[in-house]
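>>> this is a predicted model, with the sequence first.
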Amino acid sequence: MSNGPSPSAVVRLEGGGFTMGSDHHEPEEAPAHRVEVDAFGISPFAVTNAEFASFVRATGYATVAERPLDPAEFPGAPPENLVPGSMVFTPTPGPVDLRHLSQWWAWIPGACWSRPEGPGSSVADRADHPVVHIAHEDAAAYADWIGGALPTEAEWEYAARGGLEGAEYTWGHEVRPGGRAMANIWDGPDFPWRTRAESGWFRTSPVGSFPANGFGLFDMAGNVWEWTEDWWSEAHPTKDESSCCVPSNPRGGGIEASYDPAQPQFRVPRKVVKGGSHLCADTYCRRYRPAARRPQMIDTGMSHVGFRCVWRAPIERSWGGRRVR
């Protein structure tokens, strides 16, 4: 595996059973249910700008955000929007109605992974930040290049929980143990216009800036949402009463159910993203929890969406029989 990480750059998880989802938060997280996952390896960090730049240099890959849009796929869209670009978070000048997220998201022509705020911006001083503006096929292409894959939702949530059964957060039950911020999230009640910057960062932070979870994995809460391989469903499947067994290595729903019924004009399927981001505010989006989930159109990158990779069994074979930690 010439492009992949060394064994020391991957954390081996033994797998096992855990309670996935939550009955106490958002409806799409229910029902809480037992599942099992096989052993797998996972990167301790989200893929960084430096790592993605290496991929682009080696392959000449152009991300979805760097390609023109097909007018047939976006009926009614203004022609000026059918150019390469992506969605960028733009703070509002003051308080706004939080029901209308279009007030703080703007389509910026020219925005992409290497120009995250659009023309004139750069990642030159953000080499160790998670890469963003990544559509699902971009993440899958990188994962394939290094001999890995994107995690299933169950794998991602198992990894994020770090061995803490039933804990609300990746680090435990308290949102700020000892008053300490444990993730890069929006600080303060004034989303989306003013932040206390308690975390030290307004947008993304360098990977590993906050404590690891119990499995030694960083930023499984906040910083950037992360792609999974599962199609979106409005809720977890309910228990099949005819089954005697806990589901093993479950997958999401089908592609047809993933389409957004509120936007029937856009026939773009959606995948599950997990983990929350630096825009998760307690007054708006408290989704920096392992059970939290939301849908993301597969062709849409945003300035708070990234990814990390997994390697499935037999894990040792990828490195000539050497065991991954």
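Noted; the coordinates are in hand. Residues are numbered from 1 along each chain as shown.

>>> tell me which residues are up against the helix or strand containing Val88.
Using DSSP states H and E, Val88 falls within strand 85-89. Residues from elsewhere that reach strand 85-89, judged by CB atoms under 8 Å, 6 or more residues apart in numbering: 65, 104-112, 116-118, 133, 192, 203, 279, 300-304. All C-beta atoms are positioned from the backbone trio N, CA, C, and that covers glycine.

>>> quick one: pLDDT of Val131?
On the pLDDT scale, Val131 is placed at 98.

>>> within its sheet, name the partner strands of the helix or strand of the chain with the lowest mean pLDDT and how each one runs.
Least confident helix or strand, the chain: strand 105-109 with a mean of 91, by mean pLDDT, DSSP states H and E. Within its sheet, and counting by DSSP bridges, strand 105-109 is paired with strand 85-89 (antiparallel).

>>> re earlier: can you give me the buried ones in the least confident helix or strand of the chain?
Residues of strand 105-109 classed as buried by neighbour count (16 or more other CB atoms under 10 Å): Trp105, Trp107, Ile108.

>>> and the residues you listed as CSV, adding distance to Tyr142?
Below are the buried residues of strand 105-109 laid out as CSV (distance: CB to CB, whole Å):
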residue, distance to Tyr142
Trp105, 24
Trp107, 24
Ile108, 23
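
>>> what is the nearest of those residues to Trp232?
When the buried residues of strand 105-109 are ranked by distance to Trp232 (CB to CB), Trp105 comes first, at 18.9 Å.

>>> which residues does Tyr169 bridge with?
Bridge pairing for Tyr169 - DSSP bridges - gives Gly172.

>>> so who does it touch?
Going by CB under 8 Å, 6+ apart, Tyr169 touches Val175, Met182, Ala221, Tyr288, Arg289, Pro290.

>>> of the residues you listed, just say which sits nearest to Glu29.
Arg289 (8.5 Å).

>>> wait, a strand at that closest one?
No. Read with DSSP: H, G, I helix; E, B strand; the rest coil, Arg289 is coil and lies in no strand.

>>> neighbours of it, how many?
Neighbours of Arg289 under the rule other CB atoms under 10 Å: 25.

>>> could I get the full set of strands for the stretch 101-250 of the chain?
For the stretch 101-250 of the chain, the strands defined by DSSP state E, counting those that start in this stretch occupy 105-109, 225-231.

>>> could you list the low-confidence segments of the stretch 1-150 of the chain?
Filtered on pLDDT under 70, the stretch 1-150 of the chain yields the residue ranges 1-2, 4-8.

>>> do that again at 50, thanks
Applying pLDDT under 50 to the stretch 1-150 of the chain flags residues 1-2.

>>> strand 225-231 and the helix or strand harbouring Lys271, what's the angle between them?
In the assignment (DSSP H and E), Lys271 maps to strand 270-274. Interaxial angle of strand 270-274 relative to strand 225-231 (axes from the mean of the first three to the mean of the last three CA atoms, to 10 degrees): 140 degrees.

>>> beyond strand 270-274, next helix or strand please.
Per DSSP H and E, the first helix or strand lying C-terminal to strand 270-274 is strand 293-297.
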